[in-house]
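# Sequence and predicted structure below; questions after.
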Amino acid sequence: MTPRLLRVRCARWDQVDAFLHKKLRADGRLSMKVPFVAEPGAPVTLAIELPNQIVVALDGVVGTPAQRDRPDAAVVVLAGAKAAIDRLSAMVADARVGGGDGDLSATLAAREAELRRLRQQAAHEVLGCGRGPTLEELRAAWRQRVRREHPDAVARFRSAALRLTAEETMIHVTRAYERLRATVCADHRAVIAGTSVRTIGSLAIESQAGDGFDVVPLTPPVDDSVEALGPAGALRATPPPPVRGATTPPPVRGATTPPPVRAATTPPPVRAATPPPPMADDASLTLTAPRTPLALDLDLPPPRPGATTPPPVRAASPTTPPPTTIEQSLRQARSGPGDRFVRAIRERLADGDHAGASQVATAASQVYPKDRRLAALVEIARAQAACAAGDRDAAVAAVHAALAADADAEEAHRLLASLELGVPVTVALISEAYR
Amino acid sequence: MTVLGLELGLAWLRVAALVDGQPRLVATLPAAIGFSDGRRRTGAALDGCRPDQRIDAVADWLARPAAAGVAGVAWPIVDGVARSPVELAAHLVRAGVVAAIAAHGPVIGAVVAVPLDLGALERRALRDAVLAAGVPMVRLVASPSAAAVAIADQRPARLLIIDRGARATRAAVVESIDGMLDVVGYATAPNDAPDGAAAAQALTAAAIEPAGLSDAVVIGGGATDRAVAARLLAPYQHAAHPLAEPDTAAVRGAARLARMFIDDPVAVTVDVIAPGFSLGAGSALTAMIPAGAIAPTREVRLIARDRADRVTIDLELWEDGVPPRPYGRYQIAGLPPGSGAIAACEVTVDVDRIPRVDASDLVNGGALSVEPVVEVGLGPDALAELRAIVCEDA
């Protein structure tokens, strides 16, 4: 039988105290009105909701009323009441002595104050280490802060406000860690592995190391005077991404992100293309921070299926410099936000790459689901795949579907006319139409 | 009252509850969902479903967007009704949650063990599904981290965890020190690759030699084949620990980690982001969150409109890859009329490695509204609606 759930809501700690000492008896008996017919022996679960949003649940059964019990109330006999009373009493005591972890509002206030303080501090102060930490000191300091500030550490409060404050603090702490880590790596040829940092010579690490396998300290103090420049957290924007490419020795870094197997066949597209500045479209102009000039025009043809190296990056080509003025950008983008996808898909169709065309068209359709041209091109890619398989009926059906999606698709009209005239079904037929 | 560990694989949904501080497996259901006579069918009840009334490998569908009618990515049709993958997963998870409630009372939180390289689309869909299944608090952690908790408990350890799945083998090096778990290197290889490929690459990524490992274990459904497990562990005999129940190690660890919702956490888990995210505004796709950043993290880009009379800006968020995957399209609204308006667009990736987009008016101050136009995830209202449907058995 599923236990009946009884809720006791305590908005204040003195209510918890009163419940513990006046209502709940030490032997676990509790006399209370219940919104159901209480049959002795029926299982119940008592959920005590505390002011810090924690719910303590106690299992029990409906008992037999004694003479001193009110006749209109049921008696619930709880299991494990002694331990629960002890624990709740301790939480009440914590709350009375000024908050601590038992009190959500006090904890939230303390953590918000801590966050405000951290925003004014330099990186090494945020982590609580010296100005020139060794790798070991740096990692230990970061680990200590993470254990305290990570959102997991406050999950028991089940408070969205507290979780977001912890997230904000954690971002701040990690940003400080990444900044110092990059400095140390750049100066002393250490490498980054996941969240960790290791010296080049520390690859063989003694598993008996008593302090938890940390690397051997290797470096003299590092001057992080960069931290003293400028107000911390101005705009809260874009500290230089410290762990990307240039500051890290390439061999190990390359292997750490993303999974090496994927990395071998699918080079990270964003890092690959560095030159073009951001371009505007009809709606907006991206002003990227100068320290992160990485941009990729989506027009770039991604690698063909099965290819192991990316094709040349067209936007990075010296013969086609990207637009550099707002006017140029606007002129290029005036024809609509989905245009770049349409161009990319048409190029693939013209090359006979129906798999690539289908990939791009499907992805673009998710972003612009109302764009009829993209919906039609999904079908045209399907038609080209059917041509490749020699399936004339499927190809004709797909072209019909393309026209149903976009009745203005001239190429699809021409294709359909050709197919109905009995022109042989080939990939080249569609390639020619979209060339 | 209890907390749960969950693991949704291609073949099985596993649910473990934390009882008296120890994880206890409460349900193992096929990762399939069926509908007949308007009612959901799971577990043994699936036998009565026709093929068109059931969907197998629900996890495979998770990256489909929540919006219906998107070209080329139609929702699965089950028993004649198109249902969103989030709804299908929510129904399946609900069946496991109901079993846990029946055995151990109300559920107040769950930790879900997921593959370390699971994409943001799938992560968001899975989190929404578990929330819609009636679990109030959800945290996603990497399977190797969860397994490390089950294996190493609280002792300092550096573990090589090889997860043998249905299609791929994932290997991760996890450090567990001072109550903190972090993955310092990982790799994935298809099951038809040479046996040691993933593990060797993970060790390389972590810059660690085999001698530096304290433990080496094989987990996952494929590890129940002892011969396979022995082959995978062969190069690491000095640290090898064959597990009695390798297929449930991750879910048992997840249940241990779920203690965080009622008490001090057993350990905090920290992940790095891979792949990264890019922001599209107009014709440019700009690197935003780099792969390798530690979660949670945040980056900001400044975006100006091109015409003074425009009060909205369109944005796209893409998950890096080849080709990049669209995560969502958003519209920033509320920019004041007149020249000079610049939106500071923030992308925050939370501890579950799920991104969100916020914006503020750089010139005049104040937050700007960011409305998702297309996104895989559910908004609060849609989530509440789905929860009401999925939990109507309560």
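Right, received. Where do you want to start?

# Quick check: closest non-adjacent residue to residue B:257.
residue B:111 (4.5 Å; CB to CB, 6 or more residues apart in numbering or on different chains). From N, CA and C alone the C-beta is placed, and that goes for glycine too.

# Pairing partners for that neighbour in the sheet, please.
residue B:5, residue B:139 (DSSP bridges).

# what sits against the nearest residue to residue B:43 once chain neighbours are set aside?
Nearest residue to residue B:43, sequence neighbours excluded (CB to CB, 6+ apart): residue B:29, at 5.0 Å. Neighbour list for residue B:29: B:12, B:13, B:15, B:42, B:43, B:92, B:95, B:96 [criterion: CB atoms under 8 Å, 6 or more residues apart in numbering or on different chains].

# ok so residue B:364 is a helix residue?
No: with the criterion set as DSSP: H, G, I helix; E, B strand; the rest coil, the secondary structure at residue B:364 is coil rather than a helix.

# what's near enough to touch it?
The neighbours of residue B:364, taking CB under 8 Å, 6+ apart as the test, are B:336, B:341.

# now with 10 Å?
Under the criterion of CB atoms under 10 Å, 6 or more residues apart in numbering or on different chains, the contact partners of residue B:364 comprise B:335, B:336, B:338, B:340, B:341, B:342.

# Which of these ranks first by neighbour count?
Highest neighbour count within the contacts of residue B:364: residue B:335, with 23 neighbours (other CB atoms under 10 Å in any protein chain shown).

# Break down the stretch 51-200 of chain B into its helices, ranges please.
B:85-104, B:120-132, B:143-152, B:197-206 (DSSP state H, counting those that start in this stretch).

# before we move on, back to that, for the contacts of residue B:29, give me TSV that also has neighbour count and pLDDT.
Written out in TSV, the entries for the contacts of residue B:29 read as follows (neighbours: other CB atoms under 10 Å in any protein chain shown; pLDDT from 0 to 100):
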residue	neighbour count	pLDDT
B:12	18	93
B:13	25	96
B:15	28	97
B:42	23	92
B:43	17	90
B:92	27	96
B:95	21	95
B:96	28	95
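
# Leaving out sequence neighbours, find the closest residue to residue A:71.
Closest residue in space to residue A:71, ignoring its immediate chain neighbours: residue A:65 at 7.3 Å, by CB to CB, 6+ apart.

# How is the chain partitioned into domains?
As the question left the chain open, I've gone with chain A. Structural domains assigned to chain A are A:4-96, A:103-256, A:335-433, following automatic domain parsing.

# not quite, I wanted chain B
Under the assignment automatic domain parsing, the domains of chain B span B:2-142+B:380-390, B:144-243, B:277-375.

# Indicate which one of those domains is closest to residue A:179.
Closest to residue A:179 of those, according to CB to CB: domain B:277-375, at 11.9 Å.

# and that closest one, how far apart are its ends?
Start-to-end span of domain B:277-375 (CA to CA, to the nearest Å) is 15 Å.

# what's the burial count for residue B:102?
Here the number of neighbours of residue B:102 (other CB under 10 Å) works out to 13.

# Now it. Nearest residue, chain neighbours left out?
The shortest distance from residue B:102 to any non-neighbouring residue, by CB to CB, 6+ apart, is to residue A:2 (6.4 Å).

# Spit out the contact partners of that neighbour.
A:43, A:45, B:101, B:102, B:105.

# any bit of the longest helix anywhere in chain A sitting next to chain B?
Using DSSP state H to define each element, chain A has its longest helix at helix A:160-188. Yes: for helix A:160-188, a contact with chain B is found by CB under 10 Å from any CB of the partner chain, at A:160, A:163-164, A:166-175, A:177-178, A:181.

# Show the buried residues in these.
The neighbour count (16 or more other CB atoms under 10 Å in any protein chain shown) marks A:163, A:166-175, A:177-178, A:181 as buried among those.

# mind putting those residues in a markdown table, pLDDT included?
Rendered in a markdown table, the data for those read as follows (pLDDT from 0 to 100):
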| residue | pLDDT |
| --- | --- |
| A:163 | 92 |
| A:166 | 95 |
| A:167 | 95 |
| A:168 | 94 |
| A:169 | 95 |
| A:170 | 95 |
| A:171 | 95 |
| A:172 | 94 |
| A:173 | 95 |
| A:174 | 93 |
| A:175 | 92 |
| A:177 | 93 |
| A:178 | 90 |
| A:181 | 87 |
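
# returning to that earlier point: give me the next element, helix or strand, following the longest helix of chain A.
Scanning forward in sequence from helix A:160-188 by DSSP states H and E, the next helix or strand is strand A:190-193.

# so what strands line up beside the helix or strand just after that next one?
Per DSSP H and E, the first helix or strand lying C-terminal to strand A:190-193 is strand A:196-199. Strand A:196-199 sits in its sheet next to strand A:190-193 (antiparallel), going by DSSP bridges.

# got the CA positions of the partner strand in CSV?
What follows is the C-alpha trace of strand A:190-193 in CSV, where atoms were taken according to Å, rounded to 0.1, in the frame of the first residue of the first chain:
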residue,chain,number,x,y,z
ALA,A,190,53.4,23.0,-18.3
VAL,A,191,50.5,21.5,-20.0
ILE,A,192,46.7,21.5,-19.4
ALA,A,193,44.9,18.3,-19.0
